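Novice: Turn this into a model:
(chains A and B)
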Amino acid sequence: MADDEHKPKRRKTKTANDASVVKIGNKTISLSAYLAPEKKPLEKPPSIQEPVATEEPQRDVIKENDPQTQTPHPPKRTTSNGDPSLLKSRKALPIWAHQSEIKASLRGDNDLLLIVGETGSGKSTQVPQFLCDEPWCRRKKAQVQSDTVNVGGMIAITQPRRVAATTLAGRVAREMGTPLGASREGSVGYSVRFDHNVPKGTKIKFLTEGMLLQELLRDPNLRQYSAVIVDEIHERSVDVDLIAGFLKQILSGDKVGRGGIPLKVVIMSATADVEKIQTFFAPHNSRSPVRLLQIKGRQYPVEIKHTSKPVTDIQEALLKQIFDIHLHEPLPGDILAFLTGQEEIESAQRLIEEYCETLASDVPKLLVCPLYGQLSIQAQQNAFLPAKKGFIRKVVLATNIAETSVTVPGVRYVIDCGKAKVKQFRSQLGMESLLAKAISKSSAIQRTGRAGREGPGKCYRLYTSATYDSLKEADLPEILRNDVLGAVLTMKARGINDILSFPLMDFPDIESVEKALIHLHFLGALADDGTITEVGRKLALFPISAPYGRVLLAAREPQYDCLLEVIDIIACITSGDNIFHQLQSEEVREEVEEYRKELYRREGDILTYLTTMQRYAAENADRIEWCKKRKVNIRNMKQALNIRKQLRGICLKEKLLTETPPPDPQPFVPMSPERAISLLKCFMKGFGTKCALLAPDSSYVTIQGKHVVAIHPSSVLHGQKREAIMFLEHVFTQRSYVKKVSTIQADWIVEAMEGH
DNA sequence: AGCTTTCCC
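Specialist: Numbers count the residues shown, from 1 in each chain, chains lettered A, B, ... in the order given. Predicted coordinates:
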C-alpha cells in the first residue's frame, strides 16, 4: 500500500471493512480462521476450585516501595499477638509438614542444608521461623583471640531483589506477631539500600544479596549471625555466587574468627537442578553428600501448547494467538505475553488496538497493558489493576520483568515468544552486547508457570516442541556474562589474594579475570604484586563501579577539586538507565528541546548531567512539574538524590569530604568552561582507556581495539563531529554504540596515561 | 545507519 510508505514504522491494519485481514509490514494475514462465523457468546467460567493456597506473601507485585501501590488483596489486619488465621494458612503450606525434619537436619554437627522448593512451597517465609528458636540460634559469648565477643543470635536471609526482602519481612513480622513499624522492638527486620528497619531484638533479618556482601567486607566471619539462608540461589546473580563462595569458605574454615561457634547455612533453590550446588558445597573429604530436602510447590496445572511449525513472524503469530484466546476462551482470564523489548511491545500494542476496533460490538473488549522496566510507575500500574469485571480482557505485553521481578494477577494464558534480550560482556573487546537470544528451558518453564498462579492455565509457546528440546537447560550465570571487575575487587577487598583459587560454582575465563586484574591495577586498586591498595579498599566501599570510584577519589585531589560535582554526576548516571526520557514525536521533541536547552552543554553528557542535577536540586517550586516539562525521569532523579546523599555520607566518613555540603536548594551557578575541562580530565582518571578519535572518513575509532563506534542517539553529542571523545559505556545493540560521551582533546589521552 | 532485558551495593 503506497500510502503507508511515508510512515514505514507505523504498521497499520487494513480498513475496517475487511475485519478478517490484518496487514503487518507488507504482509497480509488472514484472521478469518479465528473469527468464528457465528460469534458464540463467551461462556461463564467454570467454577474454580478453592485455590490450594500459593501462600507466598503478596510479594513482587509492585516494583517500588510506594505506599500508594497496594496489592490487589490488601494484607489482613493483625493483632499484636499475630493473627490466628495467619497460623492457619501457614499450616496449610507444603513446607509445614517438614518443620521437624528441617530443624533436626541442622542440629548437631551438620551445618548445611539444601532445600529445593517450588513456587508456593512457603520456604522463604517459614524456614527462618522454624529455625530462629533452635538452641544453636542463641547469641553466645565467645573468645576471639583475647577478646570476648558476642556471636550469633540472628538469622540472615538473602533475596535478589529489594521488594522481596521488604515484603517478605513484613509478612513474616506479622506472622510472628511483631508487625514492622508498630514498635521499636520486634523479631523481624530487613536491610536494603536506602531502607533499613531492624528493630531491637530482631531474630530474622531479610536482606538483599548486595547488603550481605557489604556486611561480609566489614565482618568476614558474619559474627552477628547464627545462620545464613540463601534464597533463590538458582537465579545465579554475581552477588549470590560470591556469597556462596564466602559461605563455603566459612563452613570449611577453622571457625576461629567466630570463637569456635559454627555458622549454619541453608541454601534454597526453586529449580530441581541441584547437582551443581550439591557438588559445590560438598566438603572435599566427606563421604556424606550435602543434605537435600525437596518440597513440592503449589501450582495449578498449565497446559502447554507448542506450534507445529517454526514461527517466522513473531508479531503475526502473537496477534493470531491473542485473538484466538480472546474469541475462544472464557472470561475472566487475562493474557500475559512475553516479548523481548520496548519496541516490540509498542508495535504489538498498536497492532492489537487497531485490530480491536474492527471487532464486532458483542465481542468483549481487550485492554492492552505494556509492561517493561523503563515505564513509569503509573503506567506499570495498569498491568496490575484488575480489568473491569465482565466484558473486558487484559493483555499484558511484558519483557522478562514479568518472569521473576513482578507478578501480574489474573493471568490464565501465557504466550511465550521464546526469546529474551541478554547482556553479555566481551572482555576481549572491552564492550558489552545486548541482543535477543533464545531463552533456556528453565526460563520457559518459569514463563509457563505464570499462567498457573490463580487457576489452571494455558501456555502457548510460539515455537515448536523440537525447538524447546533444543534449548539450554539453564541460563548462563551472570558471572559468566558480566564484566568481572567488580567481583574481583570484592574478593580482593575481602582478603582473597589468589582469585583463581576462590571457590565459585562457575569460574569465568582466566583471560577475563586477567583483564579485570589489569584494569584494577590501572585504576590503582591493586599494587604491582596484585595485593589490594588503600585506593582499592576505598573503591570497594562505594556502591558504584570501580572506574566511577576512581574518578570520585581523583576529584578530591587539588588539581581537580570537584568532588561534589562528580558525586552529582555519578548519582545521575547510576540512578537508572537514563535520566532523560526518549522523545517520541517531532512535535514533543521541539517543545521539550526548548526547555532542555538550559541543561544541554556542548562539552557533552557528563556536563549535561551535572547541569541537570544542579538545576533540579535548585528547583524549589515543583520538581515534578520541572521534570515533566523537560521529560526528565522523575523516578531516576529521586533515586539520584538518594545516591548523592549516600555518596556524600561515605565521603564524609572516609574523610574525603571535610564538611557537610550545604542543603538544597542552592542557587544554580553554571560551571565555567575552565573548570569543565578540569572535571573532564578528572573523569579521564577512570576512563582514560575509553576514548575514540575522529577518523578522516568522519567515523569514530576507539584508541583501544580500534573499533569503529557511533555516538548513541541518546547522547547530546549524537551526530556531532569532534576531534576526540571520551565515553563511559560501549554497547553493541543495533550497531556498536558509545554512550555517556564527552568532548576531549587528543593530548589529554597521553596526559591521562602518563600517571600510570 | 535515530535508541535501551533485568537486578543490586
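
Novice: Which residues of the stretch 151-300 of chain A lie near DNA strand B?
Specialist: A:P160, A:R161, A:R162, A:V163, A:V192, A:R193, A:T208, A:E209, A:G210, A:M211, A:Q214, A:S237 (C-beta under 7 Å from any atom of the strand). From N, CA and C alone the C-beta is placed, and that goes for glycine too.

Novice: Buried subset of those as a ChimeraX selection?
Specialist: Listed next is the ChimeraX selection for buried residues among those, using 16 or more other C-beta atoms under 10 Å:
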select /A:160,161,162,163,192,208,209,210,211,214,237
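
Novice: and of the residues of the stretch 151-300 of chain A next to DNA strand B, the nearest to A:R393?
Specialist: A:V163 (27.2 Å; C-beta to C-beta).

Novice: The stretch 51-200 of chain A: strands as residue ranges?
Specialist: A:112-117, A:140-144, A:147-151, A:154-159, A:188-192, A:195-197 (DSSP state E, counting those that start in this stretch).

Novice: Can you lay out those strands as a markdown table showing mean pLDDT?
Specialist: Formatted as a markdown table, the strands of the stretch 51-200 of chain A follow (pLDDT from 0 to 100):
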| stretch | mean pLDDT |
| --- | --- |
| strand A:112-117 | 95 |
| strand A:140-144 | 94 |
| strand A:147-151 | 95 |
| strand A:154-159 | 98 |
| strand A:188-192 | 97 |
| strand A:195-197 | 96 |
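
Novice: check whether stretch A:331-344 contacts DNA strand B.
Specialist: Yes. Using C-beta under 7 Å from any atom of the strand, we find that stretch A:331-344 touches DNA strand B at A:T340, A:G341, A:Q342, A:E343.

Novice: on that earlier part again, would you turn the strands of the stretch 51-200 of chain A into a markdown table with distance to A:T312?
Specialist: Shown next, in a markdown table, are these (distance: least, C-beta to C-beta, whole Å):
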| stretch | distance to A:T312 |
| --- | --- |
| strand A:112-117 | 38 |
| strand A:140-144 | 65 |
| strand A:147-151 | 62 |
| strand A:154-159 | 40 |
| strand A:188-192 | 44 |
| strand A:195-197 | 47 |
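
Novice: Tell me which of these sits nearest to A:I415.
Specialist: Comparing the strands of the stretch 51-200 of chain A by C-beta to C-beta, strand A:112-117 comes nearest, at 27.5 Å.

Novice: Contacts for the closest one next, please.
Specialist: Residues outside strand A:112-117 that contact it (C-beta atoms under 8 Å, 6 or more residues apart in numbering): A:94-95, A:102, A:105-106, A:123, A:127, A:251, A:264-272, A:274, A:277-278, A:281, A:290-295, A:297.

Novice: ChimeraX command for the buried members of those residues?
Specialist: Filtering those down to the buried ones (16+ other C-beta under 10 Å) takes a single ChimeraX command:
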select /A:94,95,102,105,106,123,127,251,264,265,266,267,268,269,270,271,274,277,281,290,293,295,297
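
Novice: quick one: pLDDT of A:P51?
Specialist: Per-residue pLDDT puts A:P51 at 34.

Novice: I meant to write A:R644 there.
Specialist: Model confidence at A:R644 (pLDDT) stands at 97.

Novice: so what's the backbone phi/psi at the nearest residue to A:I392 once chain neighbours are set aside?
Specialist: Closest residue to A:I392 apart from its sequence neighbours, by C-beta to C-beta, 6 or more residues apart in numbering: A:K365 at 4.7 Å. Dihedral angles phi and psi of A:K365 (degrees, to the nearest 10) take the values phi -80, psi 160.

Novice: Check whether A:K365 really touches A:R393, as I assumed.
Specialist: Yes. Using C-beta atoms under 8 Å, A:K365 makes contact with A:R393 at a distance of 7.4 Å.

Novice: which of these two has more neighbours?
Specialist: Using other C-beta atoms under 10 Å as the criterion, A:K365 and A:R393 rank with A:R393 on top: 24 against 14.

Novice: check contacts around that one.
Specialist: A:H326, A:L331, A:P332, A:G333, A:D334, A:I335, A:P364, A:K365, A:L366, A:L367, A:A387.

Novice: List the beta-bridge partners for it.
Specialist: Bridge pairing for A:R393 (DSSP bridges) gives the partners A:L366.

Novice: what pLDDT does it get?
Specialist: Value listed for A:R393 in the pLDDT field: 93.

Novice: Over to A:D83?
Specialist: pLDDT, A:D83: 66.

Novice: what residue ranges in chain A are flagged as low confidence?
Specialist: Along chain A, segments meeting pLDDT under 70 span A:1-83, A:285-287, A:389-390, A:755-756.
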